[in-house]
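Novice: mind looking at a prediction? Sequence and model below.
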Amino acid sequence: MSGDWSRYWRSADEPLEAMHAHFREHVYHRHSHDSYSFGVTESGAQSFTCRGAAYTSAAGMVMAFNPDDPHDGHASTGQGFSYRMIHIGPGLVAEVLADIGGRPVGWPLFATPVLSDPGLAAALRRLHQAVTGPATPLERGELLTAA
């Protein structure tokens with residue numbers, strides 16, 4: 001038995017989705033999302049290709065995919081990996097950036113799909129908990145802005 005599992009949540013009132021998963025054997029074939037996708041690898045490591053290059057996200061690292069960024073993915077070792085992923089609609093990202101005085105969305109925001117940023121990883125974990133647990137829209141909005 002592989003021990004693979006996943007849980008998926010979808011917000012009823014916002015373009016927010018979240019997944020928490022552990023995979024040893026599951027392989028993602030090349031695919032993309034129409035949303036911005038932000039993930040935190042919690043344990044193990046996952047390897048993937050994106051934009052013609054190979055990447056590995058180890059425990060504590062952040063993945064950041066632009067909309068329509070084709071990528072694949074699999075466990076880097078036999079122990080597998082656990083991660084949390086949040087998908088955020090482009091319109092919501094544009095609203096957040098406008099609210100904080102950022103640049104308008106219209107180009108790829110992220111030059112690299114893997115970042116080593118402990119502060120961002122912690123902010124994404126808090127946002128994931130708000131999306132998947134009991135939180136008000138105001139709390140989710142504040143955590144989204146913080147992330």
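Specialist: It's in.

Novice: quick one: distance of the longest helix along the chain to the chain centre.
Specialist: Ranked by number of residues, the top helix in the chain under DSSP state H is helix 118-132. Per C-alpha atoms, centre = their mean, to the nearest Å, the displacement of helix 118-132 from the mean C-alpha position of its chain is 10 Å.

Novice: which helices and strands sit right next to it?
Specialist: strand 5-10, strand 16-23, strand 36-50, strand 62-65, strand 81-88, helix 137-146 (3 or more C-beta pairs under 8 Å, 6 or more residues apart in numbering; DSSP states H and E). All C-beta spots, glycine's among them, are computed from the backbone N, C-alpha and C.

Novice: how about the least confident helix or strand in the chain by mean pLDDT: buried residues?
Specialist: Between all helices and strands in the chain, the lowest mean by mean pLDDT, DSSP states H and E belongs to helix 90-99, at a mean of 84. In terms of neighbour count (16 or more other C-beta atoms under 10 Å), helix 90-99 has its buried residues at Pro90, Leu92, Val93, Val96.

Novice: report the beta-bridge partners for the closest residue to Ser76 other than its chain neighbours.
Specialist: Nearest residue to Ser76, sequence neighbours excluded (C-beta to C-beta, 6 or more residues apart in numbering): Ala45, at 3.9 Å. Ala45 has these beta-bridge partners by DSSP bridges: Ala58.

Novice: so who does the most centrally placed residue in the chain touch?
Specialist: Against the mean C-alpha coordinate of the chain, by C-alpha atoms, centre = their mean, the closest residue is Phe38 at 2.2 Å. With contacts defined as C-beta atoms under 8 Å, 6 or more residues apart in numbering, Phe38 is in contact with Val62, Met63, Ala64, Phe65, Met85, Ile86, Ile88, Leu124, Ala147.

Novice: now it: how far from Gly78?
Specialist: Here the criterion is C-beta to C-beta, to the nearest Å. By it, Phe38 lies 27 Å from Gly78.
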